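Colleague: All I have is the shape, not the residue letters:
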């Protein structure tokens with residue numbers, strides 16, 4: 001005969017045992033949840049790191065693009081300048097290629113320039129003639145100067161030519177002597193570039209214009225002397241510039257006339 005015993009536990013102990021059983025049953029679930037949270041956190045960290053790297057790459061890409069645009073704009077701006085420099089280099093190379101020929105021709109060129117300058121002075125209006133002829137003669141003597149370089153000689157020749165060319169743009173007045181030996185007398189000269197050369201005696205009673213085609217002085221009438229006095233005052237800054245009506249010293253080739261013409265100061 002089998003006897004059955006029923007053990008009755010207090011209610012608190014029974015509840016505790018039940019809770020303990022449940023906790024033991026839930027431990028794997030909690031561990032899995034924790035592992036999942038850690039995995040999620042690690043994944044989020046990797047995503048955040050990837051986002052940071054992507055943003056840095058985007059910033060670098062924008063910087064590179066901006067630098068590229070700047071360089072392209074600078075290249076476009078420099079292109080014409082580089083092209084001009086290339087053209088200058090080409091012209092210099094061409095000049096260097098003919099340098100030997102230029103050096104050989106330079107002495108003949110200098111001689112021709114000096115000879116033409118002297119002829120010009122001799123045939124020009126007779127103003128400052130001694131000074132100008134002395135300049136031309138000095139250039140002729142300097143052509144054989146062994147101590148002067150070709151560049152120095154050419155520079156002196158060109159300077160003399162510039163001086164002569166400047167005479168053609170000047171309005172000038174000065175006091176000098178007119179005539180030869182005992183017939184010399186003091187007069188006032190007026191020069192309008194290379195168009196007209198005139199003289200007037202201090203008392204204003206006699207004046208003349210140089211006629212280049214006849215190589216002589218031609219006297220002026222009272223009206224001409226009045227214009228000449230006006231021109232002298234203008235040249236000496238004693239009167240405002242205005243139109244002068246005077247006969248010219250040279251024939252005007254374009255109009256083919258030797259009559260009176262208007263010369264402006």
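Modeller: Okay, I see it. Since we're looking at a predicted model, the values are computed, not measured.

Colleague: what comes up buried for the helix or strand containing residue 228?
Modeller: Residue 228 is part of helix 222-235, with elements assigned from DSSP states H and E. Burial within helix 222-235, assessed by neighbour count using 16 or more other CB atoms under 10 Å, is assigned to 224-225, 227-232, 234-235. C-beta: built from backbone N, CA, C; applies to glycine.

Colleague: Rebuild those residues as JSON lines, extending it with distance to residue 176.
Modeller: What follows is the buried residues of helix 222-235, written out as JSON lines (distance: CB to CB, whole Å):
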{"residue": "224", "distance to residue 176": "20"}
{"residue": "225", "distance to residue 176": "18"}
{"residue": "227", "distance to residue 176": "20"}
{"residue": "228", "distance to residue 176": "15"}
{"residue": "229", "distance to residue 176": "17"}
{"residue": "230", "distance to residue 176": "20"}
{"residue": "231", "distance to residue 176": "16"}
{"residue": "232", "distance to residue 176": "13"}
{"residue": "234", "distance to residue 176": "19"}
{"residue": "235", "distance to residue 176": "14"}
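
Colleague: Under a three-state scheme, what state does residue 40 occupy?
Modeller: Following DSSP: H, G, I helix; E, B strand; the rest coil, the label given to residue 40 is helix.

Colleague: how far away is it from residue 243?
Modeller: 104 Å (CB to CB, to the nearest Å).

Colleague: next one: residue 183
Modeller: 34 Å.

Colleague: Now do the SS call for residue 175.
Modeller: Residue 175 - assigned by three-state DSSP - is strand.

Colleague: Bridged to it, which residues?
Modeller: Counting by DSSP bridges, residue 175 forms beta bridges with residue 188.

Colleague: and the closest residue to residue 225 other than its chain neighbours, what pLDDT?
Modeller: Once flanking residues are discounted, residue 225 sits nearest to residue 207: 4.3 Å by CB to CB, 6 or more residues apart in numbering. pLDDT, residue 207: 95.

Colleague: cool, residue 115 as well?
Modeller: pLDDT for residue 115: 91.

Colleague: Over to residue 95?
Modeller: Note on residue 95: pLDDT of 68.
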